[in-house]
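# Here is a sequence with its predicted model. Questions after.
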There are 2 protein chains.
Amino acid sequence: MPRVSQAHLDARRQQIVDAARSRFASHGFAHTSMTDIIAESGLSNGAIYRYFTSKDEIVVAVCEQGTDALPRALTAEAVSGFLEHVRARARDSHHARLVAQIYAEAAVSPQLAAVVQRQLAAMRAAIAELVPDARRAQAGQIAEAFVALCAAYSQQLAIRGDVDPAPFAAGLMAIIRG
Amino acid sequence: MPRVSQAHLDARRQQIVDAARSRFASHGFAHTSMTDIIAESGLSNGAIYRYFTSKDEIVVAVCEQGTDALPRALTAEAVSGFLEHVRARARDSHHARLVAQIYAEAAVSPQLAAVVQRQLAAMRAAIAELVPDARRAQAGQIAEAFVALCAAYSQQLAIRGDVDPAPFAAGLMAIIRG
DNA sequence: CATAAAAGAGTGACCTCTCTTTTTAGGTGC
DNA sequence: GCACCTAAAAAGAGAGGTCACTCTTTTATG
């Protein structure tokens, strides 16, 4: 196939990232071989290496797309709804497991750490924006603890399979209230 | 060497676990080879396999010894002191990085998940004991969020190198107060 | 028909684990 | 109290297998 549309190229690349993410989420980075990614993607060895020069590059691509969602408002309803969303995603696609993999790898890879730090900073900034005026002065502090506790819920889901979100919802609201 | 004291055998085994933990904390499980552990421990290939039948078994041994400390009381001072302890340990021995590795591996290994779940449950129980009488009814909920936020601080240290503990101390106290 | 994407067998490095050999601590007989 | 012997511990070379990645060939599009 020569000269194929950019959309086609993008779709192929995404196909590889999706396959890798799926495998990474169920088996972890270390226990996923290139052969696994190749099989899951339905492509060939050669095709993969046309889009990525190494396994590490695929890991980075997966991490870059791994951004978590956030609640839209800091009300009890929005926060609870958000935790349910995280919970559902953990159940359906093992997303929490994937996040645990990303954090572990970021802990020992400066390149990945940079990616994850940028994502965390963006999340904290987004949450800080939502802090009610009454607590504006502590917005930064609140956002730090809030985002961390959201990440902690994901972490617990990864290890324990399913966890009642209520204590986390209560904790998040307590953090907002101060 | 024949028939050597049990203390000697225990010390040798611990020597291997310590070497492995050190390497795991700075490079991660996946990026640590048996050769690395052998070099770090100062022992030989043959010696290692006398004490452990596989690399996985060493990982389990490290995880079993990886229990985190906890604050002794739920006062602002005790909680702040505890966070400083976690922070110092992350700085001195990359302990936070090791914990991130453990959680990631536990997310994809039922055997390790069981070990970590037991440790988490013990921590929650210990914290629940410390909850003041006024909030006894919510002790379980509080312990869940409290332990998770402590783990989250460790997680952030692993990724960001150093993080001000103040927002976490404030968050933990807010959780206790409700 | 020209060109580039996809295929997939092959390659070399590395990694875990085994097996044989060497060393040594401690018990034994004199 | 000394030499010796036994048995277990430590050493380390290497076997076997797996993995990431490459290179040539095939296929298909514009």
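Nice, I can see it. Please read all numbers here as calculations on a predicted model, not as lab measurements.

# per-residue confidence at the residue in chain A positioned nearest to DNA strand C?
Of all residues in chain A, residue A:46 sits closest to DNA strand C, at 2.0 Å by C-beta to the nearest atom of the strand. Just so you know, the C-beta spots here come from the backbone N, C-alpha and C atoms, and that holds for glycine as well. Reading off the confidence values, residue A:46 has pLDDT 92.

# Check the secondary structure at it for me.
helix (DSSP: H, G, I helix; E, B strand; the rest coil).

# Helices of chain A, residue ranges please.
A:6-27, A:34-41, A:45-51, A:55-64, A:76-93, A:95-108, A:110-130, A:139-160, A:166-177 (DSSP state H).

# Same list (these) but as CSV, adding distance to residue B:92 and mean neighbour count.
Output for the helices of chain A, formatted as CSV (distance: least, C-beta to C-beta, whole Å; neighbours: other C-beta atoms under 10 Å in any protein chain shown):
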stretch, distance to residue B:92, mean neighbour count
helix A:6-27, 31, 17
helix A:34-41, 37, 17
helix A:45-51, 41, 14
helix A:55-64, 28, 18
helix A:76-93, 33, 16
helix A:95-108, 16, 26
helix A:110-130, 19, 16
helix A:139-160, 22, 24
helix A:166-177, 29, 22
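
# got the residues of chain A near DNA strand C?
Residues of chain A found near DNA strand C (C-beta under 7 Å from any atom of the strand) are A:1-4, A:8-9, A:12, A:43-47, A:49-51.

# now for the residues you listed, which pair is the farthest apart?
A:3 and A:45 (22.5 Å; C-beta to C-beta).

# who's in contact with residue A:149?
A:168, A:171-172, A:175, B:145, B:148-149, B:152, B:171 (C-beta atoms under 8 Å, 6 or more residues apart in numbering or on different chains).

# ok, 6 Å please
The contact partners of residue A:149, by C-beta atoms under 6 Å, 6 or more residues apart in numbering or on different chains, come to A:171-172, B:149, B:152.

# Nearest residue to it in space, please, no chain neighbours.
residue B:149 (5.3 Å; C-beta to C-beta, 6 or more residues apart in numbering or on different chains).

# Now the most centrally placed residue in chain A: closest residue in space, sequence neighbours ignored.
What sits nearest the mean C-alpha location of chain A, by C-alpha atoms, centre = their mean, is residue A:66, with 3.5 Å. Nearest in space to residue A:66, with sequence neighbours left out and distances taken as C-beta to C-beta, 6+ apart, is residue A:102 at 5.7 Å.

# now, among the contacts of residue A:149, which is nearest to residue B:89?
residue B:152 (15.6 Å).

# thinking the closest one is in contact with residue A:150, fair?
No: the pair formed by residue B:152 and residue A:150 falls short of the contact definition of C-beta atoms under 6 Å, at 8.6 Å.

# OK, contacts around residue A:167?
B:141, B:144-145.

# Which members of the contacts of residue A:149 define the maximum pairwise distance?
So for the contacts of residue A:149, where distance means C-beta to C-beta, the most widely separated pair is A:172 and B:152, at 11.7 Å.

# Close to chain B: what parts of chain A are there?
Within chain A, the positions near chain B by C-beta under 6 Å from any C-beta of the partner chain are A:27-28, A:30, A:97, A:100-101, A:103-104, A:106-108, A:113, A:116-117, A:141, A:144-145, A:148-149, A:151-152, A:155-156, A:158-160, A:167-168, A:170-171, A:174-175, A:178.

# nearest residue to residue A:22 other than its sequence neighbours?
residue A:40 (6.0 Å).

# From what I see, residue A:17 and residue A:60 are in contact.
No: between residue A:17 and residue A:60 there is no contact under C-beta under 6 Å: 10.2 Å.

# Residue A:51 touches residue A:15, doesn't it?
No: contact criterion C-beta under 6 Å: residue A:51 and residue A:15 do not qualify, at 9.1 Å.

# Now do the same for residue A:161: its pLDDT.
97.

# Phi and psi next, for it.
Dihedral pair for residue A:161: phi 80, psi -70, per degrees, to the nearest 10.

# I'd like the distance between it and residue B:66.
20 Å (C-beta to C-beta, to the nearest Å).

# One more: residue A:81?
The value you get for residue A:81 to residue B:66, if C-beta to C-beta is used, is 34 Å.

# just residue A:150 next, same as before
In terms of C-beta to C-beta, residue A:150 sits 24 Å off from residue B:66.

# just residue A:62 next, same as before
27 Å.

# One more: residue A:53?
Separation of residue A:53 from residue B:66 (C-beta to C-beta): 35 Å.
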